[in-house]
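A.B. asks: Model the following, please.
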Amino acid sequence: MDAETAALSDTDTQARLDLAAVYRLLALHGWGDVIFNHAAMRCPSNPRHFLIKRHELQYAEVTASNLVEVSMDDDLDERSGVNRPGFTLHSGVLRARPDVHCSVHVHPEEAIALSGLAHGLRPLSQNAMRFYNRMGYHDYEGLTDSFDERDRIAAALGRNRALLMRHHGITTVGATAREAFSLMKEFVRAARIQLQMEATGAKLLEIPAHVCERVAAQYEQHDRGRASAEWPAYLRQLDGIDPSYRT
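C.D. replies: Next up is the predicted model:
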């Protein structure tokens, strides 16, 4: 094996480990749905392929070695071992966004509740700042099992960091597993905080637009800089709970 091949093999191994960790972290936060919902990671050695969990596995059963590698150009369903809506959604996102290497899609109750509100996410908290002018909205079309929907999903996502799928759930994307997962965590917190504020019935103070844009830009730099130290901390957390995701 030459040096270049060995390096690609190492990056593929790391991609598997990182995606398995994402699934375990999603389970830890209660964002799995038995075997449904999904996260995906582009394969470094073959950018037209991506990794996704086996359809029948619970999130807590996902390991680096049992992830499935699929081609985003195929037409796959459960007979191939992967969830059809999951394959449709993530193949559409990864095909349209070469800059995205990891995508996460889950159905937290906070996201579904927010997705049915016409105004969507409002600038009411620091947590919401990451998504200011950086989140798309996709109207509900039913289960995402038709390839016809992929282009509309990609268009709604655009160059944004997240996609709120009306009456459905939330998708976050990132250049790394850490970024995609961290954005999901921050979105769920922002949604929960907004719903709690709105439930009071009191007059709410939105953050001024010029401040929102400045902070959103700050967070983009933050998330690609000092926040990178967060991922090893997450892995240490998982290692202390159950390191089997590494196998």
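
A.B. asks: What is the neighbour count of Val211?
C.D. replies: For Val211, the neighbour count with other CB atoms under 10 Å is 13. From N, CA and C alone the C-beta is placed, and that goes for glycine too.

A.B. asks: Low-confidence ranges, this structure, go.
C.D. replies: The model of the chain has pLDDT under 70 over residues 1-8.

A.B. asks: how about 80 then?
C.D. replies: Scanning the chain for pLDDT under 80 picks out 1-9.

A.B. asks: What ranges does it have for its strands?
C.D. replies: Along the chain, the stretches classed as strands by DSSP state E are 38-43, 46-52, 68-71, 102-106, 135-138, 162-165, 169-174.

A.B. asks: could those be laid out in TSV, adding mean neighbour count?
C.D. replies: As requested, the strands of the chain are exported to TSV (neighbours: other CB atoms under 10 Å):
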stretch	mean neighbour count
strand 38-43	26
strand 46-52	19
strand 68-71	16
strand 102-106	27
strand 135-138	19
strand 162-165	24
strand 169-174	26
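
A.B. asks: residues touching the residue nearest the centre of the chain, list them.
C.D. replies: Residue closest to the mean C-alpha point of the chain, counted by CA atoms, centre = their mean, is Val104 at 2.0 Å. Each residue near Val104 by CB atoms under 8 Å, 6 or more residues apart in numbering is listed here: 22, 26, 39, 171-173, 180-181, 183-184.

A.B. asks: The same query, at a cut-off of 7 Å, please.
C.D. replies: Applying CB atoms under 7 Å, 6 or more residues apart in numbering to Val104 gives the contacts 22, 39, 171-172, 180-181, 184.

A.B. asks: ok, those vs Glu149, which is closest?
C.D. replies: Taking CB to CB as the measure, Glu149 lies nearest Thr171 of the contacts of Val104, at 12.8 Å.

A.B. asks: Quick check: bridge partners of that closest one?
C.D. replies: Under DSSP bridges, the beta-bridge partners of Thr171 are His105, Leu163.

A.B. asks: Could you shift the numbering so residue one becomes 898, and keep it that way?
C.D. replies: New numbering, starting at 898: the last item is Thr1068.

A.B. asks: close enough to count as contact, it and Leu1060?
C.D. replies: Yes. Here Thr1068 reaches Leu1060: they are 4.4 Å apart, a contact under CB atoms under 7 Å.

A.B. asks: Just list the residues touching Val965, thanks.
C.D. replies: Val965 sits next to 948-949, 951, 978-979 when contact means CB under 7 Å, 6+ apart.

A.B. asks: The same query, at a cut-off of 8 Å, please.
C.D. replies: Applying CB under 8 Å, 6+ apart, we find Val965 in contact with 948-951, 977-979.

A.B. asks: cool, Ile1009 as well?
C.D. replies: Counting by CB under 8 Å, 6+ apart, Ile1009 makes contact with 1064-1066.

A.B. asks: Right, I'll call it a day here.
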